[in-house]
Structures are given as C-alpha cells and as structure tokens.
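A.B. asks: A structural model of the following input is requested.
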Amino acid sequence: MILELEKNITTDKKQVIFSRLFEQNLGFKEIYFGNKNIVYLTTNKHVSGLDRLEGVSKILSSFKHEFKLASREFQEINTVVDVDGVKIGGEKLVMIAGPCAVESLERTMTIAKKVQDLGVEILRGGAFKPRTSPYSFQGLQEKGLEILAEVKAKTGLKIITEVIDTETIGLVGEVADVFQIGSRNMQNFSLLKKIGRTQKPVLLKRGLAATLEELLLSAEYLLGEGNKNVILCERGIRTFSNHTRNTLDLSIIPTIKEVSHLPIIVDPSHATGKRNQIYDMSLASFAAGSDGIIVEVHNNPSEALSDGFQAILPEEFAKIVEDSKIIAKIRKRYF
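C.D. replies: Numbers count the residues shown, from 1 in each chain. Okay, here's the model as predicted:
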C-alpha cells in the first residue's frame with residue numbers, strides 16, 4: 001500500500017498519519033519521489049480507513065506485481081531520466097559508447113573524441129572492473145577515475161562508470177554522472193540502498209539469470225530510497241546456448257514497457273560477446289523499443305586490456321549510429 005500525501009501537508013497532519021500506522025504495527029517509510037511526498041508500507045498488510053485521514057490525497061493498494069514504485073499502477077507516464085541535460089526515456093534515443101576499461105589517458109581521450117564526433121554524449125569506461133578471474137585486469141581504479149575526470153573536463157562528455165561496492169560510492173560519485181551497477185551486483189541490496197540515497201542517475205544491469213520481476217524488485221530498492229533516476233539495462237542472460245557469450249532477451253523490452261514506467265537500454269556487447277553481432281543486435285534493440293544502447297568501442301580492440309573480443313571500431317559504431325536512424329523513424333523516435 002502506498003499513501004500519496006497532499007502537497008504542503010502540515011507537520012501535525014503528517015504526525016497523525018504516522019501515529020495511525022504505528023498503532024497498527026505497520027512498517028512504513030516516507031520518501032520524496034520527484035514532486036510527490038509518499039509513504040509506502042514495508043509490509044503487505046492492508047489497512048482500511050487511511051483514506052479518511054486528513055493529508056492523504058490518494059491511496060494505491062492494488063498492484064499486479066510485487067514491485068510497486070516501478071509499476072505502471074504507481075506512475076502511468078514514462079520516467080525520463082535527466083543526466084545533466086541528456087534525457088533517457090523520452091523520444092530521443094541515446095547512444096552510450098566507450099572502452100570496456102580505462103587503460104590510459106591518451107587512449108581514453110582518443111576514443112572519447114571519436115565517439116563524441118558521432119553524436120555520443122555519454123562516455124562509458126570502467127575504472128573498477130569486477131572480473132570472473134582474480135588474475136584478470138581489475139581496472140586502474142583511482143587512477144582510472146582521474147583519467148575519466150580529465151576526459152570529462154576536456155570534452156564535456158557525461159561519464160558512466162561502474163561502482164562495485166559501498167566503500168567507493170563517494171569516490172566514484174565525484175566523477176560519474178551515472179552510476180553503473182553491474183549484473184553481479186544487481187542483488188547487492190546494501191549497495192542498492194546506498195546508491196538510492198545519492199539521488200544520482202543509476203544504470204541497473206540485469207543479473208546473469210534474473211527474471212523480469214527480480215530486476216524490477218532490485219530497482220525497487222533504489223526507488224524505495226527516493227531515487228527516481230533509475231535506468232534498466234538488458235545485457236543478456238545465461239542459458240544453455242553457447243553460440244554467444246549470453247542470450248540477449250529482447251522480449252523483455254516491450255514487457256518492461258508494459259508493466260513499468262522506467263526506461264530501459266540494451267548492452268549488445270556483453271550480451272553477445274562477439275563484435276560481428278553488435279551491429280545486428282543494436283538495430284534489433286531499437287526495433288524492440290529500447291531507449292538506447294551502451295556499446296564497447298575501442299580504437300584497437302586487439303590491444304584492449306578487457307573484453308577486446310566484443311569491442312568494435314569507431315567506424316563500425318558509426319554505421320550503427322547511421323542505420324539506427326532508419327529504425328528510430330519507424331518507432332517515431334530520433335537521435
């Protein structure tokens with residue numbers, strides 16, 4: 001159950017509402033969600049009579065799914081996440097591109113300028129790299145963030161980079177315009193809660209084998225802290241198939257659009273793990289209704305320190321940008 005409080009509600013009225021909830025032994029939390037002041041119950045118990053309390057303007061108690069704040073029942077209109085002027089979830093489609101990992105200032109700057117020339121406004125690049133093997137390159141970490149900060153200052157590009165634990169949220173947040181939560185951390189609830197309290201835009205990647213409901217319930221942890229700036233990301237799930245790195249589940253896009261107001265983008269690089277499939281899956285993502293894509297672009301993939309096998313060249317990315325405009329027109333979207 002969710003209570004939407006009146007705008008400019010008095011403290012006295014609010015205290016009466018809270019007292020009633022305490023009397024019923026109901027767990028609840030007050031948050032500001034955009035321009036809404038809401039109180040949501042942290043238990044599923046239904047209580048009658050709350051709609052008659054002064055200060056309550058609306059009560060939402062009927063939800064089709066376990067997730068509530070992410071649902072269409074809570075918010076009918078699509079959420080548009082504003083990343084310092086770059087809007088994700090509106091009519092304009094968004095291209096996010098860059099290297100898997102930050103390797104050096106010179107290389108990151110070179111790639112950044114190339115993708116910027118192609119219309120990219122948000123640069124991806126990992127400073128902290130959680131890897132399956134402890135012997136793989138783990139990123140330049142603090143040095144990587146310094147490089148991203150310099151590239152950001154010189155190009156004006158917005159930065160999306162991964163935060164892997166609660167200890168580095170502040171450090172990463174000084175540089176990142178968007179926090180990226182990787183698939184391995186989709187259900188790291190301590191991390192989700194703390195990221196939620198920052199109010200900074202966050203890209204939440206689907207877990208390795210997560211269902212749609214599990215993904216949206218993870219988003220609920222972010223939303224439940226008052227952070228309405230949540231972007232979902234489909235990046236493929238693990239199946240029995242071995243012809244690609246993961247199985248790209250494009251069917252989740254129209255389903256998400258049906259049940260949730262949150263924007264969703266696609267990562268065809270991690271989904272396929274094969275550079276010769278990035279073009280087709282990028283266009284297919286837009287055809288399925290994606291709000292954008294996040295692609296690994298490298299000027300020399302054979303030298304990449306991380307996932308070079310799934311990185312494409314800038315000129316290959318340029319073809320995706322150009323041909324995606326055709327799909328965008330069909331979908332009544334634009335770049």
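
A.B. asks: only C-alpha atoms for contact and neighbour calcs from this point on.
C.D. replies: OK.

A.B. asks: element containing residue 215, please.
C.D. replies: According to DSSP states H and E, residue 215 maps onto helix 212-223.

A.B. asks: other SSEs contacting that helix?
C.D. replies: helix 189-198, strand 230-234 (3 or more Cα pairs under 8 Å, 6 or more residues apart in numbering; DSSP states H and E).

A.B. asks: that one to strand 230-234, inter-axis angle?
C.D. replies: Helix 212-223 runs at 150 degrees relative to strand 230-234, counting by axes from the mean of the first three to the mean of the last three Cα atoms, to 10 degrees.

A.B. asks: report the distance from helix 212-223 to the chain centre.
C.D. replies: For helix 212-223, the distance between its averaged C-alpha position and the chain's averaged C-alpha position is 11 Å (Cα atoms, centre = their mean, to the nearest Å).

A.B. asks: next, the angle helix 189-198 makes with it.
C.D. replies: Computed by the same axes, to 10 degrees, the angle between helix 212-223 and helix 189-198 is 50 degrees.

A.B. asks: one step back: okay, the helices and strands packed on helix 212-223, which one's buried deepest?
C.D. replies: Of all the helices and strands packed on helix 212-223, strand 230-234 has the most neighbours on average by mean count of other Cα atoms under 10 Å, namely a mean of 26.

A.B. asks: rounded mean pLDDT for that one, please.
C.D. replies: Average pLDDT, strand 230-234: 98.

A.B. asks: wait, what's in contact with the most centrally placed residue in the chain?
C.D. replies: Compute the mean C-alpha point of the chain, and by Cα atoms, centre = their mean the closest residue is residue 203, 2.0 Å away. When contacts are counted by Cα atoms under 8 Å, 6 or more residues apart in numbering, residue 203 touches 178, 179, 180, 181, 230, 231, 232, 233.

A.B. asks: three-state assignment of it?
C.D. replies: Using DSSP: H, G, I helix; E, B strand; the rest coil, the structure places residue 203 in strand.

A.B. asks: how far away is it from residue 6?
C.D. replies: Residue 203 sits 31 Å away from residue 6 when distances are taken as Cα to Cα, to the nearest Å.

A.B. asks: go on, residue 52?
C.D. replies: When residue 52 is compared with residue 6 (using Cα to Cα), they lie 13 Å apart.

A.B. asks: comparing the two, which shows the higher neighbour count?
C.D. replies: Neighbours were counted for residue 52 and for residue 6 using other Cα atoms under 10 Å; residue 6 has more, 17 against 9.

A.B. asks: the more buried one contacts residue 59, correct?
C.D. replies: No - in terms of Cα atoms under 8 Å, residue 6 does not count as a neighbour of residue 59; the distance is 11.2 Å.

A.B. asks: quick one, helices of the chain?
C.D. replies: Taking DSSP state H as the criterion, the chain carries its helices at 11-23, 105-117, 142-155, 169-173, 189-198, 212-223, 252-259, 268-272, 278-287, 314-330.
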